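Colleague: Mind looking at a prediction? Sequence and model below.
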Amino acid sequence: MDLTTEFPDSPFEPGHPVSPDKFKGRKNDIIKIIRYLPRVINKGTPEHFFITGKRGMGKTSFVKYIGSLAEDNYQMVHIYVNNEGTNTIDELIQNLVEKMFKEFNKETWGQKIISSFVDNIDEINIKGFGISLKNKPELVANIKNNFTDFIINTCKELKDKKGIFIVIDDINGLSDTPEFANWYKGLFETMDFDEEFIPVSFTLVSYQDKFEQLCDQNPSFSRIFNLIEIGHLDDEDIKEFRYI
């Protein structure tokens, strides 16, 4: 039987990621990330990953699965942000911090983190179980400009958690100008030279050409990341997905 004919290159459908509990395969790619997590949580050394791959290869399913491993096996807070349609760093920061505050708001220690960056918590719009920073440009700008301090202070208050695993999915819209590449390079350098304990991992997700575009915007961008390309699954993994 010709399995290459019977099974497609990928069982994933764009816009419909596989839930972490049903994820199969990609063991080699998983190891490329999780082997660094003990260093993140034990030594406080930030790590930066960039996931690329063609449309439909399962990039979102992959990073969500890694996030669940970081949560379950390494006691990290998993923060996943879908950045689709976002074209500015301010929008990204708003989405990211809102998602972080939503996760922190579930924990007793989370209120201290939130209040440390908000002068009056009553002024922030409570949105479901989260917090909205809409119409708070000064606060968003303050966090953006002092993001390393925000992360450091946040990590100090984690209590029963050992670190933060941040995923920013679909950064396509941030690759058109040098602004994001320059900001992220500055963030990396600030964290790299800081002597504080910073148990955080960043994973960015986009297409290969967008990564190359960001590197063109700032040549140092490429040296920041462990680059992982998500390719075709082998036939056995595709068969497993087929019968889930």
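Modeller: Done, it's in.
Colleague: How about residue 194, nearest residue that isn't a chain neighbour?
Modeller: Leaving aside its sequence neighbours, residue 194 sits nearest to residue 148 (CB to CB, 6 or more residues apart in numbering; 6.3 Å). Quick note: C-beta positions are derived from backbone N, CA and C, even for glycine.
Colleague: for that neighbour, helix, strand, or coil?
Modeller: helix (DSSP: H, G, I helix; E, B strand; the rest coil).
Colleague: Just to check, it is in contact with residue 190?
Modeller: Yes. With contact defined as CB atoms under 8 Å, residue 148 reaches residue 190; the gap is 4.3 Å.
Colleague: out of these two, which sits in the busier spot?
Modeller: Neighbour count, other CB atoms under 10 Å: between residue 148 and residue 190, residue 148 has more, with 21 against 16.
Colleague: I'd like the distance between that one and residue 208.
Modeller: Residue 148 sits 28 Å away from residue 208, taking CB to CB, to the nearest Å as the criterion.
Colleague: residue contacts, the residue nearest to residue 194?
Modeller: Applying CB atoms under 8 Å, 6 or more residues apart in numbering, we find residue 148 in contact with 187, 190-191, 194, 198.
Colleague: and the residue most central in space within the chain, helix, strand or coil?
Modeller: What sits nearest the mean C-alpha location of the chain, by CA atoms, centre = their mean, is residue 167, with 1.0 Å. Secondary structure, three-state DSSP: residue 167 is strand.
Colleague: is it true that it touches residue 200?
Modeller: No. Counting by CB under 8 Å, residue 167 stays clear of residue 200, with 11.8 Å between them.
Colleague: and the residue nearest to the centre of the chain, bridged to which residues?
Modeller: residue 80, residue 203 (DSSP bridges).
Colleague: List the buried residues of stretch 216-231.
Modeller: Using 16 or more other CB atoms under 10 Å as the test for burial, stretch 216-231 gives 217-218, 221, 224-225, 228, 230.
Colleague: hey, C-alpha coordinates of the host helix or strand of residue 101 in CSV?
Modeller: Taking DSSP states H and E as the definition, residue 101 sits inside helix 89-104. What follows is helix 89-104, C-alpha atoms only, in CSV (Å, rounded to 0.1, in the frame of the first residue of the first chain):
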residue,chain,number,x,y,z
ILE,A,89,3.5,46.5,19.5
ASP,A,90,1.0,48.4,21.6
GLU,A,91,-1.8,46.1,20.5
LEU,A,92,0.5,43.1,21.1
ILE,A,93,1.3,44.3,24.6
GLN,A,94,-2.3,44.9,25.4
ASN,A,95,-3.3,41.4,24.2
LEU,A,96,-0.4,39.8,26.0
VAL,A,97,-0.9,41.6,29.3
GLU,A,98,-4.6,41.1,29.3
LYS,A,99,-4.1,37.3,28.8
MET,A,100,-1.5,37.3,31.6
PHE,A,101,-3.7,39.2,34.0
LYS,A,102,-6.6,36.8,33.1
GLU,A,103,-4.4,33.8,34.1
PHE,A,104,-3.0,35.6,37.2
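Colleague: As a check, name the ranges of all helices in the chain.
Modeller: Ranges of helices in the chain, per DSSP state H, are 3-6, 27-34, 37-43, 59-74, 89-104, 110-117, 137-145, 147-156, 178-193, 208-217, 235-242.
Colleague: Please name every helix or strand in contact with the fifth one.
Modeller: Okay, so that is helix 89-104. Here helix 89-104 touches strand 76-82, helix 110-117, strand 130-132, helix 137-145, helix 147-156, strand 163-169, helix 178-193, going by 3 or more CB pairs under 8 Å, 6 or more residues apart in numbering; DSSP states H and E.
Colleague: most neighbours, which of the contacts of residue 148?
Modeller: residue 198 (22 neighbours).
Colleague: Now do it against residue 54, distance only.
Modeller: For residue 198, the distance to residue 54 - CB to CB - is 33 Å.
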